[in-house]
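Visitor: can't give you the sequence, but here's the structure:
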(Lines give C-alpha, C1' and ligand atoms only; values in the text may rest on other atoms or scores of the structure.)
Protein backbone atom coordinates (compact mmCIF):
# COMPACT_ATOMS: atom_id res chain seq x y z
CA UNK A 1 0.00 0.00 0.00
CA UNK A 2 1.39 3.38 -0.98
CA UNK A 3 0.37 6.19 1.30
CA UNK A 4 -0.26 9.76 0.26
CA UNK A 5 1.84 12.55 1.77
CA UNK A 6 -1.21 13.72 3.73
CA UNK A 7 -1.85 10.23 5.15
CA UNK A 8 1.79 9.79 6.15
CA UNK A 9 1.93 13.21 7.79
CA UNK A 10 -1.30 12.49 9.67
CA UNK A 11 0.11 9.20 10.93
CA UNK A 12 3.25 10.95 12.15
CA UNK A 13 1.11 13.46 14.04
CA UNK A 14 -0.59 10.51 15.76
CA UNK A 15 2.82 9.05 16.62
CA UNK A 16 3.83 12.36 18.20
CA UNK A 17 0.60 12.79 20.14
CA UNK A 18 0.12 9.20 21.32
CA UNK A 19 3.62 7.70 21.40
CA UNK A 20 6.02 10.58 22.01
CA UNK A 21 7.71 10.51 18.59
CA UNK A 22 10.23 13.30 18.08
CA UNK A 23 8.82 16.37 16.34
CA UNK A 24 11.23 19.21 17.11
CA UNK A 25 11.28 22.00 14.52
CA UNK A 26 14.92 21.34 13.60
CA UNK A 27 14.44 17.57 13.44
CA UNK A 28 13.98 15.90 10.10
CA UNK A 29 12.37 12.74 11.41
CA UNK A 30 8.85 13.74 10.31
CA UNK A 31 10.03 14.42 6.76
CA UNK A 32 12.08 11.21 6.73
CA UNK A 33 9.00 9.29 7.87
CA UNK A 34 6.75 10.87 5.24
CA UNK A 35 9.23 10.30 2.40
CA UNK A 36 9.74 6.68 3.39
CA UNK A 37 6.02 5.97 3.79
CA UNK A 38 5.16 7.39 0.36
CA UNK A 39 8.01 5.47 -1.32
CA UNK A 40 7.52 2.29 -3.33
CA UNK A 41 9.32 0.20 -0.69
CA UNK A 42 7.17 -2.63 0.65
CA UNK A 43 6.81 -3.87 3.29
CA UNK A 44 7.54 -0.72 5.27
CA UNK A 45 8.97 -0.48 8.76
CA UNK A 46 10.01 2.85 10.32
CA UNK A 47 11.66 2.93 13.74
CA UNK A 48 10.48 6.14 15.42
CA UNK A 49 11.17 4.99 19.02
CA UNK A 50 9.58 7.75 21.12
CA UNK A 51 8.04 6.66 24.41
CA UNK A 52 7.76 3.07 23.13
CA UNK A 53 11.52 2.65 23.41
CA UNK A 54 14.04 1.54 20.81
CA UNK A 55 11.60 -0.97 19.32
CA UNK A 56 8.84 1.59 18.63
CA UNK A 57 7.94 1.16 14.96
CA UNK A 58 5.26 2.02 12.45
CA UNK A 59 4.73 -0.74 9.91
CA UNK A 60 2.83 -1.26 6.70
CA UNK A 61 2.67 -4.87 5.58
CA UNK A 62 0.10 -7.56 4.93
CA UNK A 63 -1.09 -7.47 8.56
CA UNK A 64 -4.24 -5.50 9.36
CA UNK A 65 -5.36 -5.40 5.71
CA UNK A 66 -2.39 -3.18 4.83
CA UNK A 67 -3.40 -0.42 7.24
CA UNK A 68 -0.34 1.04 8.98
CA UNK A 69 0.10 0.15 12.64
CA UNK A 70 2.36 0.73 15.62
CA UNK A 71 4.16 -1.90 17.64
CA UNK A 72 7.21 -2.29 19.85
CA UNK A 73 9.39 -4.97 21.37
CA UNK A 74 7.31 -7.30 23.54
CA UNK A 75 10.04 -7.37 26.18
CA UNK A 76 9.53 -3.59 26.59
CA UNK A 77 5.82 -4.03 27.31
CA UNK A 78 4.26 -2.03 30.09
CA UNK A 79 0.57 -1.22 30.48
CA UNK A 80 1.37 2.41 29.65
CA UNK A 81 3.15 1.48 26.41
CA UNK A 82 0.45 -0.99 25.46
CA UNK A 83 -2.18 1.72 25.92
CA UNK A 84 -0.14 4.15 23.81
CA UNK A 85 0.12 1.68 20.95
CA UNK A 86 -3.58 0.78 21.22
CA UNK A 87 -4.65 4.44 21.06
CA UNK A 88 -2.34 5.14 18.13
CA UNK A 89 -3.56 2.08 16.24
CA UNK A 90 -7.20 2.99 16.81
CA UNK A 91 -6.61 6.53 15.50
CA UNK A 92 -4.65 5.26 12.47
CA UNK A 93 -7.41 2.75 11.65
CA UNK A 94 -10.00 5.52 11.98
CA UNK A 95 -7.97 7.72 9.64
CA UNK A 96 -8.09 5.02 6.96
CA UNK A 97 -11.78 4.27 7.53
CA UNK A 98 -12.56 7.96 7.02
CA UNK A 99 -10.28 8.11 3.96
CA UNK A 100 -11.95 5.09 2.36
CA UNK A 101 -15.43 6.50 3.04
CA UNK A 102 -14.46 9.85 1.57
CA UNK A 103 -13.11 8.16 -1.58
CA UNK A 104 -16.37 6.34 -2.26
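Guide: Looks like it arrived, so ask away. The model shown is predicted, which means the values in this text are computed figures rather than measured ones.

Visitor: all contacts plus neighbour counts: C-alpha atoms, from now on.
Guide: Fine.

Visitor: helix/strand/coil for residue 42?
Guide: Under DSSP: H, G, I helix; E, B strand; the rest coil, the three-state class of residue 42 is coil.

Visitor: same check, this time on residue 46
Guide: strand.

Visitor: Could you list the residues in contact with stretch 11-27?
Guide: With contact meaning CA atoms under 8 Å, 6 or more residues apart in numbering, stretch 11-27 is reached by 29-30, 33-34, 48-52, 81, 84-85, 87-88, 91-92.

Visitor: In that stretch, which residues are buried?
Guide: Buried residues in stretch 11-27, counted by 16 or more other CA atoms under 10 Å: 11, 12, 13, 14, 15, 16, 18, 19, 20, 21, 22, 23.

Visitor: Stretch 46-65 too?
Guide: Under 16+ other CA under 10 Å, the buried positions of stretch 46-65 are 46-53, 55-60.

Visitor: and which of those is nearest residue 40?
Guide: Distance to residue 40 across these (CA to CA) is lowest for residue 60, with 11.6 Å.

Visitor: Closest to residue 71 out of the contacts of stretch 11-27?
Guide: residue 85 (6.3 Å).

Visitor: Burial check on the closest residue to that closest one other than its chain neighbours, number of neighbours?
Guide: Excluding the flanking residues, the one nearest residue 85 by CA to CA, 6 or more residues apart in numbering is residue 70, at 5.9 Å. Residues within reach of residue 70, counting by other CA atoms under 10 Å, total 25.

Visitor: bridging residues for residue 70?
Guide: When assigned by DSSP bridges, residue 70 has beta-bridge partners residue 58.

Visitor: Any figure for the gap between it and residue 26?
Guide: 24 Å (CA to CA, to the nearest Å).

Visitor: Over to residue 51?
Guide: Taking CA to CA as the measure, residue 51 falls 19 Å from residue 26.

Visitor: Then residue 66?
Guide: With CA to CA as the criterion, residue 66 and residue 26 are 31 Å apart.

Visitor: for residue 67, same thing?
Guide: The value you get for residue 67 to residue 26, if CA to CA is used, is 29 Å.
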